[in-house]
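In: Quick one: sequence plus predicted model below, questions after.
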Amino acid sequence: MGEAGAINTVISLFAAIGRPVISAFATIGRIALFALTTIRRALTPPYYPIRLLEQLLSIGWYSLPVVALTAAFTGMALAQQIYTGGMRFNAQSTVPAIVVIGMVRELGPVLTGLMVAGRVSSAMAAEIGTMRVTEQIDAMVTLRTDPYRYLIAPRLFASIIALPLLVCVANVIGIFGGYLLSVYKLGFNPAGYLEMTANILESDDIVMSLVKAAVFGFFIALMGCYAGVRTAGGAAGVGRATTDAVVWAFVLILLSNLILTVAAFG
């Protein structure tokens with residue numbers, strides 16, 4: 001009896017570990033199939049360019065104010081922190097170099113991705129989730145309109161297009177914010193600051209920033225649409241889908257950022 005009890009305990013332990021692992025792999029598989037289905041259907045007609053333009057406006061233009069403010073404040077704070085830390089080693093002159101590298105390589109893409117994910121992924125999940133629980137998506141299928149092509153593909157491609165543009169704006173504003181604080185508060189020479197910024201910035205930094213932005217845009221739209229399509233359970237289900245979309249988008253942004261950074265600069 002004692003031996004049987006020990007065996008049952010071991011089996012229960014492995015079952016407790018295996019269930020979440022299997023569930024995680026199943027979720028990854030569903031997301032991958034969802035992404036592949038969306039891309040495959042989006043590349044075949046009919047196309048909905050008006051829907052794409054609507055999503056570009058919603059994702060790109062309406063996200064611009066919060067992205068610009070975030071980048072400006074981050075660039076200023078980064079310059080102040082680098083200057084304060086550099087005083088300990090008599091390295092205050094590194095402020096322009098570290099600000100431009102930090103903004104373009106990391107802070108610009110990541111903060112833009114996180115801010116847009118908080119705004120866009122939740123909105124996508126809520127909108128598509130509401131359509132799911134009110135059976136509007138089923139009605140579209142009945143009317144021979146493919147939800148993947150009409151609802152999901154425009155959001156996915158608009159996010160992939162809009163994020164690099166937003167990141168470009170964020171990088172410029174963040175660097176300019178660091179410039180303003182460095183020149184008017186920390187006493188840097190304006191011409192010298194701009195010259196060092198231009199000399200330290202390389203084309204590879206800009207390319208990697210845009211690549212990261214496109215990947216982040218893909219994950220933002222993917223998780224928002226995926227959570228919305230799988231919504232069930234009425235209003236409470238819509239709330240859960242909204243939360244799941246933002247959390248998973250954040251996780252995928254940070255994880256993919258680490259992978260891309262190590263692959264490019266490791």
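Out: Right, received. Where do you want to start?
In: only C-alpha atoms for contact and neighbour calcs from this point on.
Out: Noted.
In: ok, which stretches of this structure are helices?
Out: Ranges of helices in the chain, per DSSP state H, are 2-42, 49-56, 64-86, 95-101, 108-116, 122-133, 136-142, 147, 153-184, 190-200, 203-229, 234-265.
In: Tell me the gap between the first one and the middle of its chain.
Out: If I follow you right, that is helix 2-42. The chain centroid and the centroid of helix 2-42 are separated by 26 Å under Cα atoms, centre = their mean, to the nearest Å.
In: Quick check on Phe46: phi, psi?
Out: No Phe there; residue 46 is Pro. When read as degrees, to the nearest 10, the backbone of Pro46 gives phi -80, psi 160.
In: For Val167, see how far away it is.
Out: 31 Å (Cα to Cα, to the nearest Å).
In: pLDDT on stretch 193-207, on average?
Out: The average pLDDT within stretch 193-207 is 89.
In: what does that stretch contact?
Out: With contacts defined as Cα atoms under 8 Å, 6 or more residues apart in numbering, stretch 193-207 is touched by 96-97, 100-101, 104-105, 179.
In: With stretch 32-39 instead?
Out: 148-149, 152-153, 222, 226.
In: Now that we have those residues, which of them are buried?
Out: Buried by 16 or more other Cα atoms under 10 Å: 148-149, 152-153, 222, 226, out of these.
In: Adding distance to Asn90 and pLDDT as columns, could you present those residues in CSV?
Out: Converted to CSV, the buried ones among the contacts of stretch 32-39 look like this (distance: Cα to Cα, whole Å; pLDDT from 0 to 100):
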residue, distance to Asn90, pLDDT
Tyr148, 57, 89
Arg149, 58, 90
Ile152, 53, 92
Ala153, 52, 91
Leu222, 46, 93
Tyr226, 51, 93
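In: CSV for those, including distance to Gly118?
Out: CSV is the format used below for those (distance: Cα to Cα, whole Å):
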residue, distance to Gly118
Tyr148, 23
Arg149, 24
Ile152, 18
Ala153, 20
Leu222, 14
Tyr226, 15
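In: picking that back up, which one of Pro46 and Val167 has more residues nearby?
Out: Ranked by neighbour count (other Cα atoms under 10 Å), Pro46 and Val167 place Val167 first, with 30 against 12.
In: Relative to Gly60, how far out is the residue lying closest to the more buried one once chain neighbours are set aside?
Out: Leaving aside its sequence neighbours, Val167 sits nearest to Pro109 (Cα to Cα, 6 or more residues apart in numbering; 5.6 Å). The gap separating Pro109 from Gly60 is 14 Å, by Cα to Cα.
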